Structure formats: C-alpha cells, structure tokens
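>>> Have a look at this fold, sequence not included:
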C-alpha cells in the first residue's frame with residue numbers, strides 16, 4: 001500500500017506563489033502527479049513526474065508551475081507561480097507503479113486527501 005499526504009495549500013492573491021508538498025510512504029512507486037478539481041468540475045491533470053524522469057504539464061499551467069521530486073525524502077512538490085483565480089481548486093497528489101503513465105486520473109491507483117488552494121483576484 002501507498003500513503004500520500006499533501007500540505008502547503010492556502011489562500012493567496014492573484015500573481016503570487018504557493019508551494020505544495022506530498023509526502024509518500026509505503027510501497028515503492030515510480031510515477032507521481034498532481035491533479036486538481038475546481039468546484040463543479042471534473043478532476044484535471046496538472047503535472048506528472050514519470051518513472052523515466054520525463055515531466056508532462058497541462059497546457060493551462062505550463063511555464064507557471066514546476067513539478068519536482070526528492071526521492072531521498074519520498075516527497076513530491078509543486079511550485080506554483082503567477083497564480084490565477086482559475087487555479088482555485090482542491091489539489092491532489094497521486095501515485096502509480098506505472099513507469100510511463102499519461103496525465104490521466106484513471107491511471108493512478110493511489111491518492112492523497114487533497115489540499116485546498118484559493119486564489120483571490
């Protein structure tokens with residue numbers, strides 16, 4: 001089993017930064033990702049760090065968000081810069097033993113509880 005715990009959410013003004021963290025424990029995993037879900041909308045992929053080191057970003061966050069991972073600490077990060085009101089959502093950390101998953105929620109077996117991000121304009 002894999003346990004994921006997100007932290008770092010909060011309220012921020014538009015244009016500001018925020019950094020999310022996700023601590024992983026349990027069985028070995030290869031790929032980790034961030035997803036988000038805004039009120040009344042479906043779950044959307046934000047970024048994935050895959051087992052071979054490649055990274056995929058959603059177009060909506062490209063050049064503003066940076067995903068990184070510290071394997072020694074079993075921690076995934078999401079640095080969010082130039083935040084917009086449309087980035088307001090619950091952010092979820094996800095993991096899979098799949099080595100090259102697409103940025104699709106159904107391909108991730110393990111999920112954290114989520115951390116809320118609110119961006120005010």
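That came through, no problem. In this text the structure is predicted, and so the values were computed from the model without any measurement. Residues are numbered from 1 along each chain as shown.

>>> can you pull out the strands in the protein?
2-7, 10-13, 18-26, 31-37, 43-49, 55-57, 65-70, 75-80, 89-96, 110-111, 115-120 (DSSP state E).

>>> in the third one, what's buried?
Spelled out, it's strand 18-26. 18, 20-22, 24 (16 or more other CB atoms under 10 Å). Glycine gets a C-beta too; all of them are placed from N, C-alpha and C.

>>> That strand: partners in the sheet, and parallel or antiparallel?
strand 2-7 (antiparallel), strand 75-80 (antiparallel) (DSSP bridges).

>>> Pull the residues that contact the last one.
The contact list for strand 75-80, computed with CB atoms under 8 Å, 6 or more residues apart in numbering, reads 17-24, 32, 34, 46-47, 49, 61, 64-70, 87, 91, 93, 117.

>>> Just the buried residues of those residues.
With neighbours counted using 16+ other CB under 10 Å, these contain these buried positions: 18, 20-22, 24, 32, 34, 46-47, 49, 61, 65, 67, 69, 87, 91, 93, 117.

>>> sorry, back to before: reformat the strands of the chain as JSON lines; add distance to residue 103 and mean pLDDT.
Formatted as JSON lines, those follow (distance: least, CB to CB, whole Å; pLDDT from 0 to 100):
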{"stretch": "strand 2-7", "distance to residue 103": "17", "mean pLDDT": "96"}
{"stretch": "strand 10-13", "distance to residue 103": "24", "mean pLDDT": "97"}
{"stretch": "strand 18-26", "distance to residue 103": "16", "mean pLDDT": "96"}
{"stretch": "strand 31-37", "distance to residue 103": "6", "mean pLDDT": "98"}
{"stretch": "strand 43-49", "distance to residue 103": "4", "mean pLDDT": "97"}
{"stretch": "strand 55-57", "distance to residue 103": "5", "mean pLDDT": "97"}
{"stretch": "strand 65-70", "distance to residue 103": "11", "mean pLDDT": "96"}
{"stretch": "strand 75-80", "distance to residue 103": "13", "mean pLDDT": "98"}
{"stretch": "strand 89-96", "distance to residue 103": "10", "mean pLDDT": "98"}
{"stretch": "strand 110-111", "distance to residue 103": "14", "mean pLDDT": "98"}
{"stretch": "strand 115-120", "distance to residue 103": "18", "mean pLDDT": "98"}
